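In: Got a predicted structure plus its sequence, pasted below:
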Amino acid sequence: MIADKKDNIAPKRENGQLKEELQIGFIGNPNSGKTTLFNAYTGARLKVANWPGVTVEKKQGAFKYHKHIYKLVDLPGIYSLTSYSIEEKVSRQYILSDDVDVIVDVADASNLEKNLYLALQLIEIGKPLVLALNMMDVVEERGMEIDTHRLHEMLAIPVIPVSARKKTGLDILMHAVSHSTDMDLKHKRIMVYSDPIEDKIEKLVQRLVAYDPAIYNPRYFAIKLLEQDKEIMETYPIDVSDIVDRSYETDIINEKYDFIEEIVEETLINKQEKEIFTDKVDSVLTHRIWGLPIFFAIMGLVFFLTFALGNGITGILEQWLEGLGSWTETVLTDHRVGPVITSLLVDGIIAGVGTIVTFLPNITILFLALAFLEDSGYMARISYVMNGLMSKVGLSGKAFIPMLLGFGCTVPAIMATRTLENQRDRIKTILITPFMSCSAKIPIYILLSGLFFGKFAPLAALSMYVIGLVTGLLTAYLVNKIEKGMDKKKDKGRGQELNQLLIELPEYKTPNAHSIFIYVWENVKAYLTKAGTTIFLASVVLWFILRFGTGGFVEDMSQSFGASIGRILVPVLGPAGLGFWQIGLSLIAGLAAKEVVVSSMGILFGIANVESALGLSAMQQSLAAIGFGALNAYSMMIFVLFYTPCVAALAVIGQELKSIKWTALVFAFQLVFAWLASILVYQIVGLFI
Amino acid sequence: MTLKEAKNGKLYVVEESTIGQPVKRRLEAMGLIEGTLIRKINQALDGSIIFMVRGNRLAIGKELADYILLREALDSDLERGRRGSCRDHGRGRGHGRGHGHGRGFRGTCARGQALGKMLDSDLSGMEDKN
């Protein structure tokens, strides 16, 4: 739409040269729709949801506008430009850097007042700035009006109403951006402070200019010096103690809010009571007594749907796949393809990758449910509802958001810990998030519980989530105790407040079909991609090591290299009831991706029976034949629940902890923990049966 | 009184926030500054609190709530807005202001009154929740 427009504006010139590239930075409060806007321009499908802190990384994209390439940068949402949290620092550094040509402040117009604080700070920086009033469709729906003309007069920057969701105003916004490259806000005083403060600013400006004649926007740095901003004080180490006798930060903040009130008063017409709906929903969902039981009921329902509903559809897929297996075999035999290749295709790839694909319905349902939780606005409430429980283990309720995301995939869940302000909380949360069973473990639970627990299968699967959650919380509790013991000598004082819950609760909204679709599709696609790459490769490798031994091609897999590898683990896994080379091998293979445990079992036990088209029951017989029963299965589920997450998760843990030593420790901890837990379950439960 | 002792659905004025840095700064950026009207919405069993300030709906933990001191909002607060009185804007607004036309010193407290009205309607919608 944008790219196809005829070029009807003069191209921007800089020093008389045509400027081919413009870099535009999207900044704004959390949950103001920056990523939705970014997606609308670039066609990207970055995750959007209705809770603050979805975007934790700087993301780049590009699009064509009037024959020019515009680069867009989507930044994590921030409330202010102080240098307290990591995101704020990163965003401020980016904005002050030379990389960015025009800043677009994306504001939620339906809640103008709270978005203006950041806007005023951005204006003070003095870089080319455009205010995008996002969510104008919501403003109109509510019968509110914003006098954008007056807003523009008061702020002296272009003010463009847009709706990222409805894709309106996008062209006009970029038009304004393209005309704003040489905007000079530095010499305009938009936010004028009271006389005593203005006097100090004036004096500081003189000092700063004397210190550095080439200084960029001395007024901004003068204000920062008045606020005693550490970073700026280090950049400009001049003695201003005669002017800055104390921190004027509070004064400056208060005066900004005075101005904001003035702006709201003059530009906002018909401010409505839109909160009533949210209040009503909240009176149930965040009820002081029922809030927590309701949350657990919702989660129970999510997993029940995942296992019960998903399985019906899985059955159909399974039949279809068995059909594909025997059809492939017939075709290949008809075309006189050698038995080795046929075996690779049918017993290796179709058995391995196919087994994984059959679990797609379950995965889809889980992500659909998570998408609803995230897009409705409930997600942020969960941190409030869970805060009591979480604070008992020394974490804030906010730490539960990454944990909940961990039920989907550990990788983005670990990334989401970035929203936690306290570094220790982050490490603890990173440690326990892998205990929240990710979607890749679903096939294992379904397979094993379906094989051995009959009608109690969903219950057995559900118990994994409960055990995982409880263990995670207990681990956090223990770590917290140890920490407290270590801290006894040190007086921590007020730093402790950093791990207190503080989160903005967005208004509830009907989940957006498009965002839900993107969310589910991106996850389903990732799952299928994994089936086509990691699992495919693992299946091929497994087939090879299971079909070849020291004597070349082997019919009996117990003579293969694979069997020899698996046998190494037999004595170790014996006490856990998992002392079978087949199981050992699947568990090793599962380090690549958890689904591989299932695909390798498909190859190991399904291999001779694909033709008989009996799928699960055939596998059950093969397992029973080696003495693997219900208790062994449950012990294996426990092991899988706890043991080291996949390679990708481990990589992201390493990236976030920034320490190989710690990552190795996490890896070892989880491996040992899984081993001990499965032994415990197998031995103790074994006493009673 | 502290935020914890406040009643659900009622309006208060923030008197003092003794929260340590940097959390205090974060709360200020979210609109919680001294003199601001605040509406408590909900309190959980563990003492976590949901409240509304400047259009922000915030959830905070018990320990933070203990450090936020309030007083009951008086009619005058609702009428006059945030600071309980309109401060004298003797700050020479207008000089050097971007598009300075049409902006002058506002002697009356029109904005405060409007704010008061807004919050009144806020109250009427909420009081039955108590």
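Out: Thanks, I have it. All values derive from a computational prediction rather than experimental measurement.

In: Residues in contact with stretch A:368-378: which ones?
Out: With contacts defined as CB atoms under 8 Å, 6 or more residues apart in numbering or on different chains, stretch A:368-378 is touched by A:49-51, A:54, A:278, A:285, A:298, A:302, A:305-306, A:379, A:382, A:404-405, A:407-408, A:505-512, A:515-516, A:519-520. C-betas here are computed from N, CA, C, even on glycine.

In: Return only those of those found close to chain B.
Out: A:Thr278, A:Leu505, A:Pro506, A:Glu507 (CB under 8 Å from any CB of the partner chain).

In: The closest residue to the last one other than its chain neighbours: what's it in contact with?
Out: Pointing back at A:Glu507 there. Closest residue to A:Glu507 apart from its sequence neighbours, by CB to CB, 6 or more residues apart in numbering or on different chains: A:Thr278 at 4.6 Å. By CB under 8 Å, 6+ apart, the residues touching A:Thr278 are A:Gly377, A:Glu507, A:Tyr508, B:Arg57.

In: Assign A:Ile316 to helix, strand or coil.
Out: helix (DSSP: H, G, I helix; E, B strand; the rest coil).

In: sorry, back to before: kindly indicate which of the ones next to chain B among the contacts of stretch A:368-378 lies nearest chain B.
Out: A:Leu505 (4.4 Å; CB to the nearest CB).

In: residue contacts, the closest one?
Out: Counting by CB under 8 Å, 6+ apart, A:Leu505 has contacts A:Asp282, A:Gly377, A:Ala380, A:Arg381, A:Tyr384, B:Ile50, B:Arg57, B:Leu58, B:Ala59.

In: Swap in 6 Å and give it another go.
Out: A:Ala380, B:Arg57, B:Ala59 (CB atoms under 6 Å, 6 or more residues apart in numbering or on different chains).

In: burial of the first one, as a residue count?
Out: Okay, so that is A:Ala380. 23 (other CB atoms under 10 Å in any protein chain shown).

In: gap between it and A:Cys409?
Out: 20 Å (CB to CB, to the nearest Å).

In: Which members of the contacts of A:Leu505 are positioned in helices?
Out: A:Ala380 (DSSP state H).

In: wait, which of the contacts of A:Leu505 is closest to A:Asp108?
Out: B:Arg57 (12.5 Å; CB to CB).

In: That closest one bridge partners, please.
Out: B:Met52 (DSSP bridges).

In: And for A:Leu573, the neighbour number?
Out: 24.

In: any idea whether the residue lying closest to it once chain neighbours are set aside is helix, strand or coil?
Out: The shortest distance from A:Leu573 to any non-neighbouring residue, by CB to CB, 6+ apart, is to A:Gly579 (5.1 Å). Of the three states, A:Gly579 takes coil under three-state DSSP.

In: In the stretch 101-250 of chain A, what residue comes closest to chain B?
Out: Nearest residue of the stretch 101-250 of chain A to chain B: A:Ala156, at 2.6 Å (CB to the nearest CB).

In: which residue packs closest to the residue sitting nearest the centre point of chain A, ignoring adjacent ones?
Out: With distances taken as CA atoms, centre = their mean, A:Pro412 lies nearest the centre of chain A, 3.6 Å away. Residue nearest to A:Pro412 in three dimensions, not counting chain neighbours: A:Leu405, with 5.9 Å by CB to CB, 6+ apart.

In: Quick check, that neighbour in contact with A:Ile414.
Out: No. A:Leu405 lies out of contact with A:Ile414 (CB atoms under 6 Å); the separation is 9.0 Å.

In: returning to what we had before: just the contacts of A:Leu505 now: which is nearest B:Asp46?
Out: B:Ala59 (11.7 Å).

In: if I pick that closest one, what's in contact with it?
Out: Each residue near B:Ala59 by CB under 6 Å, 6+ apart is listed here: A:Tyr384, A:Ile503, A:Leu505, B:Ile50.

In: try 8 Å
Out: Contacts of B:Ala59 (CB under 8 Å, 6+ apart): A:380-381, A:383-384, A:387, A:397, A:501-505, B:48-50.

In: Ok, A:Ser32 next?
Out: Neighbouring residues of A:Ser32 by CB under 8 Å, 6+ apart: A:Gly77, A:Val106, A:Ala107, A:Asp108, A:Asn115, A:Asn134, A:Met135.

In: try it again with 6 Å
Out: A:Val106, A:Ala107, A:Asp108, A:Asn134.

In: just A:Val598 next, same as before
Out: Counted by CB under 6 Å, 6+ apart, A:Val598 has contacts A:Thr355, A:Pro443, A:Ile444, A:Leu447.

In: so can I have a markdown table of those showing pLDDT, distance to A:Arg150 and secondary structure?
Out: Converted to a markdown table, those look like this (pLDDT from 0 to 100; distance: CB to CB, whole Å; DSSP: H, G, I helix; E, B strand; the rest coil):
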| residue | pLDDT | distance to A:Arg150 | secondary structure |
| --- | --- | --- | --- |
| A:Thr355 | 75 | 63 | helix |
| A:Pro443 | 88 | 59 | helix |
| A:Ile444 | 90 | 61 | helix |
| A:Leu447 | 85 | 64 | helix |
